[in-house]
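> model the following, please.
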Amino acid sequence: MDNQLHPKKVRGFCSFRYGLAVLLHFCNVVIAAQRVCLNLTMVAMVNRTDPQDLTNTSAKTEMDYVKNPVYNWSPDIQGIIFSSIFYGILAIQIPVGYLSGIYSIKKMGTVSTAQHEMWIKWAPPLERGRLTSICLSGFMLAPFIVLLVSGFICDLLGWPMVFYIFGAYGCVLCLIWFVLVYDDPKDHPCISVNEKEYIISSLAQQASSSRQSLPIKAMLKSLPLWAISLNGFAFLWTNTLLVTYTPTFINTKLHVDIKQNGLLSGLPYLFACICGLLAGQMSDYFLSRNIFNILTIRKLFTTLGLISPVIFSMCLLYLSFNFYSTVIFLTLANATTSFCLGGGLINALDIAPRYYGFLKAVTSVIGMIGGISCSTVTGLILSQDPEFSWHKIFFLMAGINVTSITFYLIFAKGEIQEWATERQNTRL
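Numbers count the residues shown, from 1 in each chain. The predicted model follows:
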């Protein structure tokens, strides 16, 4: 059994599978960057009609965004935007997540969803944490890059060039994706024989990936799956709160214009990326050295990813006395959420690798509900109770996170569930 779990290792960071992880990292950077670019330029597109005036007003419109992250639009327009985003994600992610497991992930254009299916056949069990964290950390690095360069692009070339530049970057990565990405390592023409044998042998005990009908009833009854979904809800609630309203918190508490310093406003994202990579490395290290089992590792990093932001948020309320302490606590609260990358966010790959693409899409949509709900609720609290709003906001986040982690610690599992194992076809 030990030989099956620990097949003969081949080179790590210079291997082809890590090259694919880095490629997906940059794919996720451009995906998230295009979304952040939309946020930063939305006001200019909506409120400005004179193209020649857009360049000169880019600084002002970005300032408007920071002071009011929901663009200072009326509640009905905000509701339309948030609903459109949610239903768009719901309409795209779940079907693509399922179809990417049936058809070629190379042909499924939605990289952000189809990429999860790839790791079923490309990620050895002892490397799942680091490979997936390398990929997903791209979503966290993107805002840091955008905040650094978008202002310069807008000032020098105008806001449309932001989309052209990142769009061209995405097109180049798309071409590389179609050339280098294959569904199965055994079919790839560029991978070495030793690495191919290592990956295949390490996955020998995993259930075959032959597609069967989805066990929807069993999934709905699965408490471990609900634990993962609730974890995703809490993670996106916390992440959305800290990412979107960090500038607002600094502006209201310290009356400091954080947009005067792009590096300062992007610092939490850089540290979030670093913590995400660290979580992947540490989780695989603990597993490969038999320090902890899979379930303990997932619970440990989920706890760190949900409780640490609560602790640092409470520090913001009661131990933050100046500008620097506020920035430090905000950065730590934001960065430590990334520890979830080594925990519940990849737990579905442990309990149901056969349906990982579909389950990741479903849990992502549930998480998006948390993100959208957070934006709406936080905006309402800020508008109705300016004096004690941040206490309510952070205590609400703490309640959600504590409830989620309690449920996860009780019901989470680390082994493949019965409904996700190979089933014999008894039909004649």
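> my guess is Ala272 meets Phe339, correct?
No - taking contacts as CB atoms under 8 Å, Ala272 lies outside contact range of Phe339: 9.8 Å. Just so you know, the C-beta spots here come from the backbone N, C-alpha and C atoms, and that holds for glycine as well.
> for whichever strand or helix holds Met368, name the packing helices and strands.
Secondary structure assigned from DSSP states H and E places Met368 in helix 356-384. Applying 3 or more CB pairs under 8 Å, 6 or more residues apart in numbering; DSSP states H and E, we find helix 356-384 packed against helix 75-102, helix 111-122, helix 223-254, helix 347-351, helix 389-411.
> now that helix: average pLDDT?
Averaged across helix 356-384, pLDDT comes to 83.
> who touches stretch 323-335?
239, 242-243, 246, 249-250, 253-254, 256, 264, 267-269, 271-272, 274-275, 308-309, 312-313, 315-316, 319-320 (CB atoms under 8 Å, 6 or more residues apart in numbering).
> nope, stretch 408-420 is what I was after
By CB under 8 Å, 6+ apart, the residues outside stretch 408-420 that reach it are 206-207, 215, 218-219, 222-228, 230-231, 293-299, 302-303, 344, 347, 350-355.
> can I get that stretch in PDB? Just the C-alpha atoms.
Extracted in PDB, the C-alpha atoms of stretch 408-420 (Å, rounded to 0.1, in the frame of the first residue of the first chain):
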ATOM      1  CA  TYR A 408     -16.900  21.500   8.300                       C
ATOM      2  CA  LEU A 409     -15.000  20.100  11.200                       C
ATOM      3  CA  ILE A 410     -17.900  17.800  12.100                       C
ATOM      4  CA  PHE A 411     -18.900  16.500   8.700                       C
ATOM      5  CA  ALA A 412     -15.900  16.800   6.400                       C
ATOM      6  CA  LYS A 413     -14.300  13.600   4.900                       C
ATOM      7  CA  GLY A 414     -11.100  12.900   3.200                       C
ATOM      8  CA  GLU A 415     -11.800   9.600   1.500                       C
ATOM      9  CA  ILE A 416     -13.700   8.900  -1.700                       C
ATOM     10  CA  GLN A 417     -17.400   8.600  -0.900                       C
ATOM     11  CA  GLU A 418     -19.500   5.600  -1.800                       C
ATOM     12  CA  TRP A 419     -21.600   7.500  -4.300                       C
ATOM     13  CA  ALA A 420     -18.400   8.500  -6.200                       C
END
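> quick check: buried residues in it?
Tyr408, Ala412, Lys413, Ile416, Gln417, Trp419, Ala420 (16 or more other CB atoms under 10 Å).
> nearest spatial neighbour of Leu24, skipping sequence neighbours?
Cys135 (4.1 Å; CB to CB, 6 or more residues apart in numbering).
> let me know the angle separating the helix or strand where that neighbour lies from helix 223-254.
Taking DSSP H and E as the definition, Cys135 sits inside helix 128-157. Put simply, helix 128-157 runs at 40 degrees to helix 223-254, going by axes from the mean of the first three to the mean of the last three CA atoms, to 10 degrees.
> need the next SSE after helix 128-157, C-terminal direction.
On the C-terminal side of helix 128-157, the nearest following helix or strand under DSSP H and E is helix 160-180.
> pLDDT weak spots in the stretch 151-300 of the chain?
151, 155, 205-212, 247, 251, 254-265 (pLDDT under 70).
> wait, what's in contact with the residue nearest to Lys392 when sequence neighbours are not counted?
Closest residue to Lys392 apart from its sequence neighbours, by CB to CB, 6+ apart: Ile381 at 5.3 Å. Contacts for Ile381 (CB under 8 Å, 6+ apart) come out as Ser389, Lys392, Ile393, Leu396.
> pipe those into a markdown table and attach pLDDT per row.
Conversion of the contacts of Ile381 to a markdown table gives the following (pLDDT from 0 to 100):
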| residue | pLDDT |
| --- | --- |
| Ser389 | 87 |
| Lys392 | 92 |
| Ile393 | 92 |
| Leu396 | 95 |
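> which ones are touching Ile366?
Counting by CB under 8 Å, 6+ apart, Ile366 has contacts Ser229, Leu230, Gly232, Phe233.
> starting at the chain centroid, how far to stretch 129-149?
9 Å (CA atoms, centre = their mean, to the nearest Å).
> cool, and stretch 319-336?
Offset of stretch 319-336 from its chain centre (CA atoms, centre = their mean): 22 Å.
> and it, what's its mean pLDDT?
85.
> buried residues, it. List them.
Ser320, Thr326, Val327, Ile328, Phe329, Leu330, Thr331, Leu332, Ala333, Asn334, Ala335, Thr336.
> and what of stretch 139-155?
Buried, per 16+ other CB under 10 Å, within stretch 139-155: 139-147, 149-151, 153-154.
> tabulate the residues you listed (JSON lines), appending distance to Ala123.
Output for the buried residues of stretch 139-155, formatted as JSON lines (distance: CB to CB, whole Å):
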{"residue": "Phe139", "distance to Ala123": "18"}
{"residue": "Met140", "distance to Ala123": "20"}
{"residue": "Leu141", "distance to Ala123": "21"}
{"residue": "Ala142", "distance to Ala123": "22"}
{"residue": "Pro143", "distance to Ala123": "26"}
{"residue": "Phe144", "distance to Ala123": "26"}
{"residue": "Ile145", "distance to Ala123": "26"}
{"residue": "Val146", "distance to Ala123": "29"}
{"residue": "Leu147", "distance to Ala123": "31"}
{"residue": "Val149", "distance to Ala123": "32"}
{"residue": "Ser150", "distance to Ala123": "33"}
{"residue": "Gly151", "distance to Ala123": "37"}
{"residue": "Ile153", "distance to Ala123": "36"}
{"residue": "Cys154", "distance to Ala123": "39"}
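> out of those, which comes closest to Ser15?
Leu141 (21.9 Å; CB to CB).
> for Leu40, give me the pLDDT.
pLDDT for Leu40: 59.
> buried ones among the contacts of stretch 408-420?
215, 219, 222, 224-228, 230-231, 294-295, 297-299, 302-303, 344, 347, 350-355.
> can you give me the buried ones in the helix holding Met368?
Within helix 356-384, the residues that count as buried by 16+ other CB under 10 Å are 356-375, 377-379, 381-382.
> quick one: contacts of stretch 276-295?
So stretch 276-295 is contacted by 6, 125-134, 136-137, 140, 297-298, 300-301, 304-305, 338-343, 350, 412-415 (CB under 8 Å, 6+ apart).
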